[in-house]
Every structure is written in structure tokens, then in C-alpha cells.
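# after the sequence you'll find the predicted model.
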Amino acid sequence: MRSIEHSFQEFVDAIQTARNDNDFERLATRVTQSLGFRWFAYLRIVKDAPKLISSYPKSWTSRYLELHYEQLDPVIRRARFEYDLFRWGSGAAMPSGSTREQRKFFEEATTFGIESGITVPIRGGFGRMAAFTLATDDRAVRTERLMAKSKDVVQLVGLYFHTHLAARLGEECDPAGVDSVLTQRERQCLAWAARGKTVADTAILVAIAPRTVVFHLDNARRKLEATSIAQCVAEALRRRLLP
């Protein structure tokens, strides 16, 4: 069986060549299964308009979009307000304040085999948000084991998927310009780099994995059109983007 690291690297290399929704779905499905999950789902919401790419049963995704379940889905509602990856599903406690309709939503999802999963919240500016989910048809106890085994990789898979899909859709820049595109994490990582901190140092200070620090620094470098992190820091300082 291929290692998690090998599967992740294969995904990172292959996603560079994805050109359309079918390509993204195929690549995400492959890495999803290699990580021990059954399905993936990526939901992006811009100005209340949902875009869904997933390997869930088509009968479920059609119903989900037709009934505007993105407005009810407790997982998506939670992803709007959280930054860290979280676990959900059968055996996991429902969020406090959950409505009868939300509980029925989870019950309906289980009729399609969707029992539990892990979701990566992805926050953007101007009301944009996205969520990348890996799900299984098993109880949450197995999801807990999978999360403990590959939490960092799942987080990065979701971020890479979102970043490359947005780039293909021509969304690299916000209407307000490059300055507003840098995320809070990108600014944090750049700020510590400007203070001479290494990737390992920054990972400890920001409480994220080292490779996640690398991901955010690479994104910032690309957005500021820099050829190195040093140049990226200099450009960010020139534009007064850092605290």
C-alpha cells in the first residue's frame, strides 16, 4: 500500500495539470481513497451561489443543490465560523443549538451512506467561503482514527484543491487588488519570516504543521509575484502588508 506521503505528493504533482471540474474530481477521488475515505466534497460559496464538486452519490448531490441544503447543512454552517479542521457525523456530538431540521438533514445523509467525515474550512474575503470534506460510510470512531493518522495531509489537500481550482477559474485576485488577497495565515507566516524565523519556528508560533507554513509562504510568494521568500517579504513590507 502506498504511504500517505507518497499519495499526497502524487496529488500535489497531478493537480498542476487539472484543467476542468472532471479533472479536479478525478484527482480528489484518488487521493480521498488513498487516505482511507470513501468520498470527497468541495463546496464553494461566492455571493450565496454554491459550486459543488464531489464524488458523493449523484442522487444526493442533486437533492442537496435542488433543496439549497448548503443553507441548512450544519457542517457548512460550522465551516463559516471556524478555521481549524473538524470532525463530524454519527457518534459525534451535534453542535449546541442544532435544530430539528438540521438533525433530520444528518439523518437523510445517512440514508445515502454518508455517516461521518472531516471538513477543512476555507475562509476568504468579500463573503467567500469554501469547505473541503472527506467522508466515510462508517461510524465516527473510524473517522477519528483517520483524522489522527492524516490530519495535516487532509488540511493541505483541501487547501491545494481550493487554491488550484480558484486559479483555474481566474480568481487569483480579489476585486480590491492583490493587497487584500493575502490571507491572515499568509500574513502571519510572512511576518515571522520577516523577523528571521525558520519554517520550524513559525510552525510552533502559529500552531500549524511545518508543511502548512510552507504552503502559506508559497501562496504569498505567488500572489506577490516574488521569486523567493526573501523577495516576498521585501515586497510585503514595501506595500505595508505586514503588522
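Ah, there it is. Since this is a predicted model, take the numbers as computed values, not measurements.
# what separates the residue nearest to the spatial centre of the chain from residue 182, distance-wise?
Central residue check for the chain by C-alpha atoms, centre = their mean: the C-alpha nearest the mean position is that of residue 158, 3.3 Å away. From residue 158 across to residue 182, the span is 19 Å (C-beta to C-beta, to the nearest Å). Every C-beta, even on glycine, is put in place using the N, C-alpha and C of the backbone.
# how near is the residue sitting furthest away from the middle of the chain to residue 78?
Distance from the C-alpha centroid of the chain, by C-alpha atoms, centre = their mean, peaks at residue 238 (29.9 Å). Computed as C-beta to C-beta, the residue 238 to residue 78 distance reads 38 Å.
# now the helices for the chain?
4-15, 21-34, 58-66, 74-79, 100-111, 140-168, 184-194, 199-206, 210-223, 229-238 (DSSP state H).
# any idea how this structure splits into domains?
4-168, 178-238 (automatic domain parsing).
# adding mean pLDDT as columns, could you present those domains in JSON lines?
Listed next are the domains of the chain as JSON lines, based on pLDDT from 0 to 100:
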{"stretch": "domain 4-168", "mean pLDDT": "88"}
{"stretch": "domain 178-238", "mean pLDDT": "88"}
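# if we can go back for a sec, quick one: closest of the helices of the chain to residue 122.
helix 140-168 (5.0 Å; C-beta to C-beta).
# just want the angle from that closest one to helix 21-34.
With axes from the mean of the first three to the mean of the last three C-alpha atoms, to 10 degrees applied, the angle from helix 140-168 to helix 21-34 works out at 150 degrees.
# which neighbouring elements make contact with helix 140-168?
helix 4-15, helix 21-34, strand 39-46, strand 86-89, strand 116-123, strand 129-136, helix 210-223 (3 or more C-beta pairs under 8 Å, 6 or more residues apart in numbering; DSSP states H and E).
# so how far is it off the chain centroid?
6 Å (C-alpha atoms, centre = their mean, to the nearest Å).
# same check on stretch 63-73?
With C-alpha atoms, centre = their mean, you get 20 Å for stretch 63-73.
# lovely, talk soon.
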